[in-house]
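In: would you be able to build a 3D model of this:
(chains A and B)
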Protein chains: 2
Amino acid sequence: MRKSVAGRLKNALALSYQQNHRRWFLSSSHSRFFSSSPPVLDSAASTSMANSSSSPSPSPLTLQTINPKVLKCEYAVRGEIVTLAQRLQEELQKNPGSHPFDEILYCNIGNPQSLGQQPITFFREVLALCDHPAILDKSETQGLFSADAIERAWQILDQIPGRATGAYSHSQGIKGLRDAIAAGIEARDGYPANPNDIFLTDGASPAVHMMMQLLIRSEKDGILCPIPQYPLYSASIALHGGTLVPYYLDEASGWGLETFELKKQLEAAKSKGISVRALVVINPGNPTGQVLAEGNQRDIVEFCKQEGLVLLADEVYQENVYVPDKEFHSFKKVSRSMGYGEEDIALVSFQSVSKGYYGECGKRGGYMEVTGFSADIREQIYKVASVNLCSNISGQILASLVMSPPKVGDESYESYRAERDGILSSLARRAKTLEDAFNNLEGITCNKAEGAMYLFPCINLPQKAIKAAEAAKTAPDAFYAHRLLNATGIVFVPGSGFGQIPGTWHFRCTILPQEDKIPAIVSRLTDFHKGFMDEFRD
Amino acid sequence: MRKSVAGRLKNALALSYQQNHRRWFLSSSHSRFFSSSPPVLDSAASTSMANSSSSPSPSPLTLQTINPKVLKCEYAVRGEIVTLAQRLQEELQKNPGSHPFDEILYCNIGNPQSLGQQPITFFREVLALCDHPAILDKSETQGLFSADAIERAWQILDQIPGRATGAYSHSQGIKGLRDAIAAGIEARDGYPANPNDIFLTDGASPAVHMMMQLLIRSEKDGILCPIPQYPLYSASIALHGGTLVPYYLDEASGWGLETFELKKQLEAAKSKGISVRALVVINPGNPTGQVLAEGNQRDIVEFCKQEGLVLLADEVYQENVYVPDKEFHSFKKVSRSMGYGEEDIALVSFQSVSKGYYGECGKRGGYMEVTGFSADIREQIYKVASVNLCSNISGQILASLVMSPPKVGDESYESYRAERDGILSSLARRAKTLEDAFNNLEGITCNKAEGAMYLFPCINLPQKAIKAAEAAKTAPDAFYAHRLLNATGIVFVPGSGFGQIPGTWHFRCTILPQEDKIPAIVSRLTDFHKGFMDEFRD
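Out: This is a model prediction of the structure:
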């Protein structure tokens, strides 16, 4: 009885609700003041459908019904080979001795601290103090933290409204931290940098996504990307529905970047109706490890200016240069040195706390410096940034620290320098050792590791191995990488994940395992490779 | 002379390069093993274009040539009114006394710590220790940190391979932290939770984007969203090119959610060829502050099951319930209590460290619990997560802490409880005071603030004010909010940013200013409102 009254009451309410809605829907101001604006369905004409019977349940979500752009996207660095490695690692933990190796050696990803690299003490001191400012005034803190870390923490906190490290910041990042980053860029380049050009982001990846989102309207929009490339670019272009326009780095000249090739690919794209919007350059190179010469960079800047392309400069390895005859020059510095200013070229420089000597991947800090865009485009970038509110504050702080580390005279300077130089010189030694090791293997050639964290050796696989791979329904480089992993625990990423000249085979190997592991890697790799070649030699 | 030789050499190299390329492009394996796969332009047929003359520079990037989805997207919470507030704040700093108020009172955004809310000590202790584990063994640390924070930091570090808080983690987040979160969900709901269902994210926003990216293929795909709604949803749907299918919450019944209305809007959308894929429910409500009754939630679950819709449950305010007669129930708990399991309903629950009593917005931590999806769809979600590598580790740690705070008997428990209860009871008092204040104003009605951090009062504006707004080319609610800001420094967000029944006007006001500020807000608002009504009364 009670239920029935309630039911009738509900029906009556529903009816009045429906009538009200009919009136609301007929209001002319519906869309005018609804300022949040994806297409919004206007249901004015459809209230009569309210009582129609429900259709049967649609089928649940399947691969056929999700966004096909998601399906298309691939990300080899964390792909199938890594899944296999993780499975082997679990098996080793459960059954030690179950494989012919006792640990997995992850050479697949630029993740230095996962392989034992220690963080820079000063950076971590400042982060800890900013996380828990309540201890800044305590006497014990003096004994635990360096004086300049305490001072730096105060400085940073004073730049945050209310010293609230737990508050959302400005969507571009805390202004005082952007000031520090701009000052660091100026010190690096010798040209002015504007804190309002800095967008702090959760690592460089979200910054790249943001630019792709801005630039790509449809599959008729193309982005020029190096091949081989870091698969973030192909993944991001796929997710945003654009077309990757490849330009090939020249392996024979140490992964050189020729504007002749850029021009050719641009024209080819245009002839197919592709509107090329931007050029991605990764310098130092990933996965290729080359450092561009300044003259080469000038050519690239000139090309982008002439063609009206946005230059997307991935400069996250700017601290990772290992050879005395090469030096990092930012594209902004190069373009300014050519006399080109804001009006001449649209340039985005990506930087990250994950690379360099700091290697703070887990902190997800980074920024992009956006120059040469009009105010109304900048507003659009700001709006997209604001939808995610802000990047994480610890990452923001760390991004400011890597661009303004301790200076001569600071209490931490000597220990900071020792830590930094220790890491960088060790990386240089590891790069050289691995490069030499690869070049000593039958059928493998490896360019010089000038910078970044990777080698991308070319492997001339015997036809028999290629046929075996085909039989196993896998790419030959993936076939080799799987064999290597199963035999030695070493994880390389097959070159097909980065793109390579068809018919050539490569893999990417990081230089990040700690130095005491390198001899074992070299000897395991050498033994495996000999066995592999013996098995498949034509 | 030298230049000329170099030039000829370059031409020769270029020629050989071009010839090589022709061969490479003709290789049949081009696309087969290029596994990173947006559409990749195949330039095989186009090498003859290499020497064609360059076309004139395209025009630089303009609003007409960027992705129109970016243009469409709006995000009112950080929109125009906030830009104005920031300008006024700068003016006040430069010229104190330049406005009739001495500070800006930001009631626009759920950002508690920016308004003075203090972080939970235990959480910050653990974060600081995990940031700088080198101090864990030092004797001074015992004096600075609570024993259970030290113990918890050790526990967390032991769950991270190599104790490396600076390494990228598993793309779903550190397994041990997901275990803790799953245990917290189980304790909350009384039903099992699987750590493999948890995806840790940089706040809830990226998780929402990830799901929209998965679900939306084109503007023919619709997402049912409450109106009023949190503009993250409209922004994300716009950015991903889908259609927002509105369902209206019923203000007259305390922002009730009627399945009758859901059904009607679903049918209306279907009749227009829209394929509705998911239903967004925000509980407790944002901007509306209501807490759904369990029976209502059952109806919603049943509706989603019947219609085969993914239920996207925004549950970030799960700790923010202020009235004794309401309680938070997760949609997972409700669906399990109805006997529905993995096979029956696809359900995503979003949680964040930014809300609750913790309010750690700047840390960008959060997770989604993904249940009821097939393994192959889960793999696609994992792939998309992996493109951004992982969420920030401090945010991951914090997400585990809010789901497993100190327990009775832990050293920190009493202080933790006091901090938590102090914040929540203060929020409840503030909500009630503001709700009463609104209801005391002429022409304003305000529903009960049952939960979340907002009030969404309805203002019956005089026709004269509406005409003045029209003359000023602004929406009437924005007109009111601008006037209020200029007169008092109080920042409300106009209701048009959230959606409202056409012809009705609202604004969103957070309950977050500290309690000692509330009387001033009430009195300034009251004075302003009287003056406004006197000026525009019909």
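In: when you work out contacts or count neighbours from here on, use the C-alpha atoms and nothing else.
Out: Noted.
In: contacts only, for residue A:239.
Out: Shown here is residue A:239, whose contacts under the criterion C-alpha atoms under 8 Å, 6 or more residues apart in numbering or on different chains are A:69-70, A:72-73, B:38.
In: can I get those in TSV with secondary structure, distance to residue A:484 and pLDDT?
Out: Shown next, in TSV, are these (DSSP: H, G, I helix; E, B strand; the rest coil; distance: C-alpha to C-alpha, whole Å; pLDDT from 0 to 100):
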residue	secondary structure	distance to residue A:484	pLDDT
A:69	helix	32	90
A:70	helix	30	90
A:72	helix	28	87
A:73	coil	26	85
B:38	coil	29	64
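In: closest one of the residues you listed to residue A:268?
Out: residue B:38 (17.4 Å; C-alpha to C-alpha).
In: can you tell me the helix or strand for residue A:379?
Out: helix A:375-387 (DSSP states H and E).
In: same for that helix, what does it pack against?
Out: Using 3 or more C-alpha pairs under 8 Å, 6 or more residues apart in numbering or on different chains; DSSP states H and E as the contact criterion, the elements in contact with helix A:375-387 are helix A:204-215, helix B:68-72.
In: so what's the nearest residue to residue A:370 once chain neighbours are set aside scoring on pLDDT?
Out: If you skip the residues right next to it in sequence, residue A:370 has residue A:348 as its closest partner in space, 4.7 Å away by C-alpha to C-alpha, 6 or more residues apart in numbering or on different chains. Model confidence at residue A:348, expressed as pLDDT, equals 97.
In: cool, and residue A:391?
Out: Looking at residue A:391, its pLDDT is 97.
In: thinking again about what came up before, who touches the helix holding residue A:379?
Out: Looking at helix A:375-387 with C-alpha under 8 Å, 6+ apart, the contacting residues turn out to be A:171-172, A:210-211, A:214, B:61-63, B:70-71, B:73-75, B:78, B:205, B:232, B:235.
In: follow-up on the earlier one: lowest average confidence across the helices and strands packed on helix A:375-387, which one?
Out: Taking each of the helices and strands packed on helix A:375-387 in turn, the one with the lowest mean pLDDT is helix B:68-72, at a mean of 89.
In: any part of it near chain A?
Out: Yes. For helix B:68-72 and chain A, the contact criterion (C-alpha under 8 Å from any C-alpha of the partner chain) is met by B:68-72.
In: contacts only, for the spatially most central residue of chain A.
Out: The residue at the geometric middle of chain A, judged as the C-alpha nearest the mean C-alpha position with C-alpha atoms, centre = their mean, is residue A:205 (3.6 Å). Under the criterion of C-alpha under 8 Å, 6+ apart, the neighbours of residue A:205 are A:232, B:387-388.
In: I'd like those residues as JSON lines, with neighbour count appended.
Out: JSON lines is the format used below for those (neighbours: other C-alpha atoms under 10 Å in any protein chain shown):
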{"residue": "A:232", "neighbour count": "24"}
{"residue": "B:387", "neighbour count": "22"}
{"residue": "B:388", "neighbour count": "19"}
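In: how about CSV for those, with distance to residue B:323 added?
Out: Supplementary listing: those in CSV, determined by distance: C-alpha to C-alpha, whole Å:
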residue, distance to residue B:323
A:232, 47
B:387, 42
B:388, 40
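In: list just the nearest of the residues you listed to residue B:315.
Out: After measuring these against residue B:315 - C-alpha to C-alpha - the closest member comes out as residue B:388, at 23.8 Å.
In: if we can go back for a sec, most neighbours out of the residues of helix B:68-72 next to chain A, which is it?
Out: residue B:70 (26 neighbours; other C-alpha atoms under 10 Å in any protein chain shown).
In: nearest spatial neighbour of it, skipping sequence neighbours?
Out: If the residues on either side of it in the chain are set aside, residue B:70 comes closest to residue B:239, at 5.8 Å by C-alpha to C-alpha, 6+ apart.
In: which stretches in the stretch 51-200 of chain A count as strands?
Out: When secondary structure is read from DSSP state E, counting those that start in this stretch, the stretch 51-200 of chain A shows strands at A:105-106, A:198-201.
In: show residues contacting the shortest one.
Out: When you say that, I think you mean strand A:105-106. With contact meaning C-alpha under 8 Å, 6+ apart, strand A:105-106 is reached by A:115, A:489-492, A:513.
In: list the buried residues of stretch A:354-371.
Out: For stretch A:354-371, the neighbour count (16 or more other C-alpha atoms under 10 Å in any protein chain shown) marks A:354-371 as buried.
In: what's the answer for stretch A:408-415, then?
Out: Buried residues in stretch A:408-415, counting neighbours by 16+ other C-alpha under 10 Å, are found at A:412-413.
In: is chain B within reach of it?
Out: No. Using C-alpha under 8 Å from any C-alpha, stretch A:408-415 never reaches chain B; the gap is at least 14.8 Å.
In: could you work out the end-to-end span of that stretch for me?
Out: Stretch A:408-415 has an end-to-end distance of 11 Å (C-alpha to C-alpha, to the nearest Å).
In: need the residues of the stretch 201-350 of chain A near chain B, please.
Out: Taking C-alpha under 8 Å from any C-alpha as the contact definition, the stretch 201-350 of chain A meets chain B at A:202, A:205-206, A:213-217, A:219, A:231-232, A:234-235, A:237-239, A:241-246, A:260, A:263-265, A:267-269, A:305-309.
In: contacts only, for residue A:346.
Out: The neighbourhood of residue A:346, defined by C-alpha under 8 Å, 6+ apart, consists of A:309-311, A:370-373.
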